[in-house]
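Okay, here's the prediction I keep looking at, along with the sequence it came from:
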Amino acid sequence: MPQNYVDSEPWKVYFDGSKHKHGTGLEILLDLGAKNISIREFEHVPRIKNQEANDLAQIASGNVDRKVKYRALNYIVIGNELFKKTAEGVLLKCLSETEAYLAISETHSGACGSHQAGHKMKWLLFRPGMYWPYMLKDCIEFAKGCLECQKHAGIQHLPANELHSIIKPWPFRGWALDLIDEIRPASSKNHRYIIVGIDYFTKLIEAIPLPNVDQEAVINFIQNYIIYRFGIPESITTDQGSVFVGRKMQEFAEQTSFKLLTSTPYYAQANDQVEAANKCVIGLIKKHIAKKSRNWNKTLNQILWAYRNSPKESTKSTPFRLTYGHDAVLPAEVCVQSVRIPFDHYWNMMLDELVDLDEERLQVKTFNIGDLVWKVILHMDKIES
C-alpha cells in the first residue's frame, strides 16, 4: 500500500543568501525514502528577519564570536527556562521583555510598591532571583517616568551629611514614637491623625490612624503594637508633646518598666529617626491615594507593607528580613514565577500543608490498660467537689 510522505501543499524553503569563500549557492537534500521531492518555489528572506536561522547557521559553521561563547558559559537551560549563573553559583531566572515590565511595574507601584528609586528596585528584583540584561537601566527609566513620583517627590533643601548611628545591641530594644499632625481632609472614617512608631535596630514601622489623640490612645498603641508583639522595650523616645509626657504616660512607663525618653527643643535630632519615617509615610500616602484623598486610611496597611519590604541604606536590608529572618514573598515573584516560589508547586505545597494539618486533627489516639494519661479538671468540677 503506498504511503503519503508529503502533504498535498507545496513546501517552501527559506534561505538568507549567505556566501563563503568558495562562492554562493543553495544545496538541498531531502531524503524521504524512494519518494522524489521537487522544490518549486524559493523565497529570499533578509537576514534581519531571519535571525534564528542565521544564528543556527553560524553555530553550525563555527563562526560564533569568542565573546558570545564565553558569555554563554554563564547560562543554563533547565526544562524550558533559561537561568543565569552568578559568580557564587546562584541561579537567576531570565525574564522576557513582557515579564520584566510586569515585574518592574508591580515592584514600583503595585500592591507592595513603595515607589522606590531605580537602584532599590533593581535590588528588590535581583534578590529573589530575577535577571535580564540592562536591568538597572530599565528600573531607572521606569522610576523617572512615574507620574506620581514626579508630582510628590521630596525636595532636598540641605546637602547630604553623614548619618549618626544609634547603637542598639538587639532588635526592639529601643523605639521612637511621634504623631503626624492633623491630616486634611480627614479620612472617610473621620481619622485625622497617625501615630507612628519605629524600631531603631530593624527600622520596622508600626502605625495606626486615629480620629483623636490622647494619652489613652498612645498607651493602647504601645501595648497592642509594641509590647504584645515584640516585648517590653528598654526605652521609648518621644518629643515633648502633652500626649507623650503626661501623668498617665509616666505612670504607665513606670509600671511597665521601660524608660520614657524625650528630645529637647535644643536637640530635636534625638527623634530624627521617627521624623524621617513620618516623611516616608506621608510621601507614600500621597503617591498611593491618587485622586481619592479621603481613602488614605484604607491604604495605610499597604503602605506599611511596602515600607517594610524596602531596603534601607543604613542596614543594607529590609525591615521585614531583619525582623523575621527571611524575605517576604512579593506579588512580583508570583506573577513571573520566580526561582524561590515556583508557581506550579506553590499551591500544591499549600494544599499538602493543609492536608497534613487535617490528618493531625483527625488522628485517633488509642490507649491501653495501664497507660498514664492526664485528667482535665474543670472549674465547675472543683466547685462540686
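Perfect, thanks for sending it.

switch to C-alpha atoms for all contacts and neighbour counts from now on
Noted.

Just read off the phi/psi values of Ile232.
phi -80, psi 120 (degrees, to the nearest 10).

how close does it get to Pro171?
In this view, Ile232 and Pro171 are 11 Å apart by CA to CA, to the nearest Å.

how is this protein carved up into domains?
Per the record, the chain has its domains at 49-148, 174-324, by the TED database.

Identify, out of these, the most deeply packed stretch.
Ranked by mean neighbour count, the domains of the chain are led by domain 174-324 with a mean of 17 (mean count of other CA atoms under 10 Å).

mean pLDDT for the domains of the chain: which is lowest?
With a mean of 78, domain 49-148 has the lowest mean pLDDT of the domains of the chain.

re the thing from before, I'd like the domains of the chain laid out as CSV, including distance to Asp371.
Putting these into CSV (distance: least, CA to CA, whole Å) gives the following:
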stretch, distance to Asp371
domain 49-148, 51
domain 174-324, 40
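
quick one: which of the ones you listed is nearest Val373?
Nearest of the domains of the chain to Val373, taken as CA to CA: domain 174-324 at 34.0 Å.

First-to-last residue distance for the closest one?
Start-to-end, domain 174-324 (CA to CA) is 17 Å.

do stretch 304-316 as well
Start-to-end, stretch 304-316 (CA to CA) is 18 Å.

Identify the residues contacting it?
Outside stretch 304-316, the residues that touch it by CA atoms under 8 Å, 6 or more residues apart in numbering are 111-114, 116, 120, 123-124, 202, 204-207, 281, 317-321, 327-328.

Stretch 280-299 now?
114-115, 148-149, 152-154, 185-188, 191, 209, 300, 303-304.

May I have that stretch as CSV, with CA atoms only?
What follows is stretch 280-299, C-alpha atoms only, in CSV (Å, rounded to 0.1, in the frame of the first residue of the first chain):
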residue,chain,number,x,y,z
CYS,A,280,8.2,58.4,54.1
VAL,A,281,4.7,57.5,55.3
ILE,A,282,3.3,60.9,54.2
GLY,A,283,5.0,60.6,50.8
LEU,A,284,3.7,57.1,50.2
ILE,A,285,0.2,58.1,51.1
LYS,A,286,0.3,60.9,48.5
LYS,A,287,1.6,58.5,45.8
HIS,A,288,-1.0,55.8,46.5
ILE,A,289,-4.2,57.6,47.1
ALA,A,290,-4.2,59.4,43.7
LYS,A,291,-7.4,61.5,43.5
LYS,A,292,-9.2,59.7,46.3
SER,A,293,-7.8,61.8,49.1
ARG,A,294,-10.3,60.6,51.8
ASN,A,295,-9.3,56.9,51.4
TRP,A,296,-5.8,57.3,52.8
ASN,A,297,-6.7,55.3,55.9
LYS,A,298,-7.5,52.2,53.7
THR,A,299,-4.1,52.3,52.1
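
Show the residue spans covered by the helices in the stretch 101-250 of the chain.
Using DSSP state H, counting those that start in this stretch, the helices of the stretch 101-250 of the chain run over 118-126, 135-144, 147-152, 215-222, 228-230, 242-245, 247-256.

Quick check: Leu91 touching Glu81?
No. Taking contacts as CA atoms under 8 Å, Leu91 lies outside contact range of Glu81: 11.1 Å.

right, so of the domains of the chain, which gets closest to Asp356?
domain 174-324 (24.3 Å).

Leaving out chain neighbours, which residue sits closest to Val196?
Excluding its sequence neighbours, the residue lying closest to Val196 (CA to CA, 6 or more residues apart in numbering) is Ala207, at 4.4 Å.

same deal with Lys168?
Leaving out its chain neighbours, the residue that sits closest to Lys168 by CA to CA, 6+ apart is Phe201, at 6.0 Å.

for that neighbour, what are its contacts?
Residues in contact with Phe201 (CA under 8 Å, 6+ apart) are 168-174.

Quick one: the strands in the protein, in order.
Assigned by DSSP state E, the chain shows strands spanning 13-15, 19-20, 23-24, 42-44, 75-78, 81-85, 91-94, 130-131, 174-180, 193-199, 205-210, 235-238, 259-262.

Which among those strands is found nearest to Val68?
Closest approach to Val68 among the strands of the chain (CA to CA): strand 75-78, 11.2 Å.

Mind listing residues that contact the closest one?
For strand 75-78, contacts defined as CA under 8 Å, 6+ apart pick out 82-85.

try stretch 243-255
Outside stretch 243-255, the residues touching it (CA under 8 Å, 6+ apart) are 213-216, 218-219, 238, 259-260, 262.

Between which two of those is the distance greatest?
Across those, no pair lies farther apart than Val213 and Lys259, at 21.6 Å, counting by CA to CA.

Apart from its chain neighbours, what residue comes closest to Gln150?
Among residues not flanking Gln150 along the chain, Lys144 sits closest, at 7.5 Å (CA to CA, 6+ apart).

likewise His108?
Once flanking residues are discounted, His108 sits nearest to His115: 4.8 Å by CA to CA, 6+ apart.

so that neighbour touches Ala143, yeah?
Yes. Between His115 and Ala143 a contact is recorded at 7.4 Å, counting by CA under 8 Å.

Need the residues touching each of the two.
Shared contacts of His115 and Ala143, defined by CA under 8 Å, 6+ apart, comprise 108, 149.
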